[in-house]
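[1] Sharing a model that was predicted from the sequence below.
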Protein chains: 2
Amino acid sequence: MPSGPRGGDALDAALDDRDALGYVFIGRGPDPTLRYLTGRGFDTTVVYVRVAGESHLRVPSTIETPEVPGVAVRIDDKPAGKAAAAVLGSEATSGTVLVPQTIPHDAALHLESAGYDLASTPVLDNACAVKDDDERAAIETVQRAARRGIARAAEILADATVDNATTTDDDADATDDDTAHTADDDGTLVWDGAPLSTERIRRQVNVALAIEGVDAAGATTVDVGGRERSGETTPEDDASAVVLRADDPVVVSVAPRGRDGYRGALARTFVVDADGGWERRAHVACDAARDVALVEAGPGADAAFVGSEIRAETAAFGFSPSEEVARDVGGGIGLSLCESPPLDGDTELSAGNVIRVRTAVSDPENGRIELVDVMAIDDDGPVFLGDPPTSLDPAAWSQ
Amino acid sequence: MPSGPRGGDALDAALDDRDALGYVFIGRGPDPTLRYLTGRGFDTTVVYVRVAGESHLRVPSTIETPEVPGVAVRIDDKPAGKAAAAVLGSEATSGTVLVPQTIPHDAALHLESAGYDLASTPVLDNACAVKDDDERAAIETVQRAARRGIARAAEILADATVDNATTTDDDADATDDDTAHTADDDGTLVWDGAPLSTERIRRQVNVALAIEGVDAAGATTVDVGGRERSGETTPEDDASAVVLRADDPVVVSVAPRGRDGYRGALARTFVVDADGGWERRAHVACDAARDVALVEAGPGADAAFVGSEIRAETAAFGFSPSEEVARDVGGGIGLSLCESPPLDGDTELSAGNVIRVRTAVSDPENGRIELVDVMAIDDDGPVFLGDPPTSLDPAAWSQ
């Protein structure tokens, strides 16, 4: 497990390179940069300062003072910019201070009025983009848990039975227009004695993630890609849940967070009993586009080119690039779901990058087919972590 | 369930009051303010602008364009400040723009160079602090789930048996110094056929939360407050996990997030077989201090006074205010665990506030006793949501 702060060496090199006094980061809560710098999250705004080869953290008195290995932690209830200036002031009262572009404006003004010149640096974004062995191992661990979550959904869908003559109990004797959706309910899935809704699957997936010791991170979704549905619900359901039918493409997506903060990402689409060619064609397109990443995303490849090739391959199966092919094809993943390098823009991929790869096709009538994986770029080329099956058939998944 | 954006009316009133053109918020990911303004989270940085009574959102092309009821969503890949200026520019090319103090510095500079004068406003912090009925109901719902999570921990601890002659298997035949901890293992708890560790309980609590449909939000902790332990671990354990003993005060803390983003918070301390007076005295102190909140935290009360009274009551049972009594006594809870009003500083409590109340005593030798609840301040006074039992005895908890 990766533990403890990172980024100190990269910051020291950047400070040396730009003849700067120190580096200041101000963040709150689950901020991934803060987690990178300190190895943990906080429930409030804290101030990180790197100066003279040492890391300092200033926290308010309203939280219990954390112990952070390798970081000098002190209480300071002053506004963040003043607290940062006080740390820098112990070394020098003027000079260049490196900050992220997005440093809070009030803190930047405090630092400037204290006599420091601010200059922005992307050094941490760049450092985060290249994972060390511990970070990659952490992502592999959470990705294994992600697979267990998706496998649970597949298991439930494979176990589900098809009810071809369902009417909702309340409407059984009704004759008015409300019963018009009875025909729609043909083919409703039933599992464990009750109609199977997206929400019932979502909860079971999150139970599987909890058993593995990872956090669902609010990122588990189960949906039918906007297909229209009757108003039938189960007791677990909220407004967005729908009861599933055998011919629905069911998109199950997880992006859990491991205890150390690193994220996984995995999505699969399942159809219990496909009756249309659209799902199969869209699935073949997504699967082929996913393979394109394995061919194109080696060290030295242009990230935007990889992204455009993924989109082009998806479209090559007869889907509209602007209307049906997904724009989001992924990008770096680590402590954040969306970090450097994006599969867009002018970046060169390098060994050590870990990339979320997403291929998807959607359409208002048919719904959506989506595949998401995590790919590590090794010295000798890219590899999908765990390389879980991509089949549309839930029975083809084994735990 | 609360749905859709909030804060528009409060912003319009503030804009009117200060003769300002618009309001700009730039946020990323799970930011609670962003969630308040849009009703949802994002995986990347987005720009919210309120101008002429309308809400606008600008998102990058790398995410699928979200549908946000009541908010005009458009793609804009320009830097956040420029994207915000473009929205404002459709109404006026100069004027005062209200922003949070912590608006990203680069965006603030963009807005200023585009010709706008920035002025900071706490209007949203103040608006968030007073919950409407839907928000309060959302917190009650997640708090019920929190109770189920704690109840699961109590159930496991009540079911656990005490093993008075445990040695770890690996060390059973060893005679070197490593076996010195065998004596410490006396009284080890066993559950479901294996030593009961903090991590095993944590996972079971998170399973209970997942069944309830809420997210553990990475906030579930189970610990013995720094008590020293042998190195025995179970297969689930990470470095911070310890195997429990019957006389350990076990602090179980959850702060789940409901599907709509609202947080709950509940912590209880359990002792299976207390052999010392410290735990009981500390528990009585925490329980009495918790009751102080019910007496003092009515509408119109001074928040800092309530906080100091809670600390004073805890200390009154013979604990050092600076060394043993917890500094963090809580504050506003909603989309964030720590929001306005804090139980510190110069704030007046008002009806509609929802407050996390924390009482705790800790000491390096004995560990920690901690109680956390969520209290709603109603017109006729404060009430603990759900008012779960506070007993040290896990068997006293019923689901």
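    Great, that's in hand. Numbering: from 1, shown residues only, chains lettered A, B, ... in the order given.
[2] how about the residues of the stretch 201-350 of chain A that lie near chain B?
    Proximity of the stretch 201-350 of chain A to chain B (C-beta under 8 Å from any C-beta of the partner chain) is limited to residues A:202-203, A:206-207, A:209-211, A:213, A:215-218, A:236, A:238-239, A:257, A:259, A:326-328, A:331, A:336-338, A:342, A:344. For the C-beta atoms, the positions are set from N, CA and C on the backbone; glycine is no exception.
[3] The same query, at a cut-off of 7 Å, please.
    With the criterion set to C-beta under 7 Å from any C-beta of the partner chain, the stretch 201-350 of chain A comes near chain B through A:203, A:206-207, A:210-211, A:213, A:215-216, A:218, A:236, A:238-239, A:257, A:259, A:326-328, A:337-338, A:342, A:344.
[4] Just the buried ones from the residues you listed, in PyMOL syntax?
    A single PyMOL command selects the buried members of these (16 or more other C-beta atoms under 10 Å in any protein chain shown):
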select buried, chain A and resi 203+206+207+210+211+213+215+216+218+236+238+257+259+326+327+328+337+338+342+344
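[5] what ranges do the strands span in the stretch 251-399 of chain A?
    Ranges of strands within the stretch 251-399 of chain A are A:266-270, A:330-332, A:339-342, A:354-363, A:367-378, A:381-384, based on DSSP state E, counting those that start in this stretch.
[6] shaky segments in the stretch 1-150 of chain A?
    Scanning the stretch 1-150 of chain A for pLDDT under 70 picks out the ranges A:1-3.
[7] same question, the stretch 251-399 of chain A
    Ranges of the stretch 251-399 of chain A meeting pLDDT under 70: A:398-399.
[8] And the helices in it, which stretches?
    A:277-296, A:303-315 (DSSP state H, counting those that start in this stretch).
[9] Of all the residues in the first one, which ones are buried?
    By 16+ other C-beta under 10 Å, the buried positions in helix A:277-296 come out as A:278-279, A:281-283, A:285-287, A:289-290, A:292-294, A:296.
[10] got it, and the last one?
    Residues of helix A:303-315 classed as buried under the neighbour-count rule (16+ other C-beta under 10 Å) are A:303, A:306, A:307, A:308, A:309, A:310, A:311, A:313, A:314, A:315.
[11] nearest to chain B, of these?
    Nearest to chain B among the buried residues of helix A:303-315 is residue A:307, at 9.1 Å by C-beta to the nearest C-beta.
[12] Let me know the distance separating the closest one from residue A:146.
    22 Å (C-beta to C-beta, to the nearest Å).
[13] what's across from residue A:383 in the sheet?
    On the basis of DSSP bridges, residue A:383 is bridged to residue A:376.
[14] gap between it and residue A:295?
    For residue A:383 relative to residue A:295 (C-beta to C-beta), the value is 12 Å.
[15] anything in contact with each of those two?
    Residues touching both residue A:383 and residue A:295 (C-beta atoms under 7 Å, 6 or more residues apart in numbering or on different chains): none.
[16] returning to that earlier point: make CSV from the buried residues of helix A:277-296 and add distance to residue A:13 to it.
    Converted to CSV, the buried residues of helix A:277-296 look like this (distance: C-beta to C-beta, whole Å):
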residue, distance to residue A:13
A:278, 52
A:279, 51
A:281, 50
A:282, 47
A:283, 46
A:285, 44
A:286, 41
A:287, 42
A:289, 38
A:290, 36
A:292, 35
A:293, 31
A:294, 33
A:296, 31
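[17] residues in contact with residue A:276?
    Applying C-beta under 7 Å, 6+ apart, the residues near residue A:276 are residue A:247.
[18] Dihedrals phi and psi, it?
    In terms of degrees, to the nearest 10, the main-chain angles of residue A:276 are phi -120, psi 160.
[19] residue closest to the middle of chain A?
    residue A:337 (3.3 Å; C-alpha atoms, centre = their mean).
[20] Spatially nearest residue to that one (excluding sequence neighbours)?
    The shortest distance from residue A:337 to any non-neighbouring residue, by C-beta to C-beta, 6 or more residues apart in numbering or on different chains, is to residue B:43 (4.9 Å).
[21] Report how many residues lie close to the one you found.
    A total of 18 residues lie near residue B:43 under the criterion other C-beta atoms under 10 Å in any protein chain shown.
[22] and what of the one 5 residues further on?
    Other residues within reach of residue B:48 by the criterion other C-beta under 10 Å amount to 25.
[23] could you say what helices and strands the helix or strand where it lies packs with?
    Element membership of residue B:48 [criterion: DSSP states H and E] is strand B:45-51. Counting contacts by 3 or more C-beta pairs under 7 Å, 6 or more residues apart in numbering or on different chains; DSSP states H and E, strand B:45-51 is packed against strand B:22-28, helix B:32-38, strand B:54-59, helix B:80-89.
[24] Mind listing the strands that strand pairs with, and their directions?
    By DSSP bridges, strand B:45-51 pairs with strand B:22-28 (antiparallel), strand B:54-59 (antiparallel).
[25] which other residues reach it?
    So strand B:45-51 is contacted by B:8, B:11, B:21-28, B:34, B:37-38, B:55-59, B:80, B:83-84, B:87-88, B:91 (C-beta under 7 Å, 6+ apart).
[26] mind giving me the domain split of chain A?
    Using automatic domain parsing, the domain parsing of chain A gives A:8-127, A:133-396.
[27] Export these as CSV, with columns for distance to residue B:271.
    Output for these, formatted as CSV (distance: least, C-beta to C-beta, whole Å):
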stretch, distance to residue B:271
domain A:8-127, 21
domain A:133-396, 25
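[28] Indicate which one of the helices and strands packed on strand B:45-51 is closest to residue A:118.
    Closest approach to residue A:118 among the helices and strands packed on strand B:45-51 (C-beta to C-beta): helix B:80-89, 15.8 Å.
[29] what's the next helix or strand after that closest one packed up against?
    Next in sequence after helix B:80-89, counting helices and strands by DSSP H and E, comes strand B:95-99. With contacts taken as 3+ C-beta pairs under 7 Å, 6+ apart, strand B:95-99 sits against strand B:22-28, strand B:116-120.
[30] name the helices or strands packed onto the last one?
    Read it as strand B:116-120. strand B:95-99, helix B:105-113.
[31] Mind putting these into a markdown table with mean neighbour count?
    Shown next, in a markdown table, are the helices and strands packed on strand B:116-120 (neighbours: other C-beta atoms under 10 Å in any protein chain shown):
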| stretch | mean neighbour count |
| --- | --- |
| strand B:95-99 | 21 |
| helix B:105-113 | 20 |
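[32] Let me have these in CSV, adding distance to residue A:119 as columns.
    Formatted as CSV, the helices and strands packed on strand B:116-120 follow (distance: least, C-beta to C-beta, whole Å):
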stretch, distance to residue A:119
strand B:95-99, 23
helix B:105-113, 12
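[33] wait, residue A:368 sits on residue A:362?
    Yes - Residue A:368 lies in contact with residue A:362 (C-beta atoms under 7 Å); the separation is 3.8 Å.
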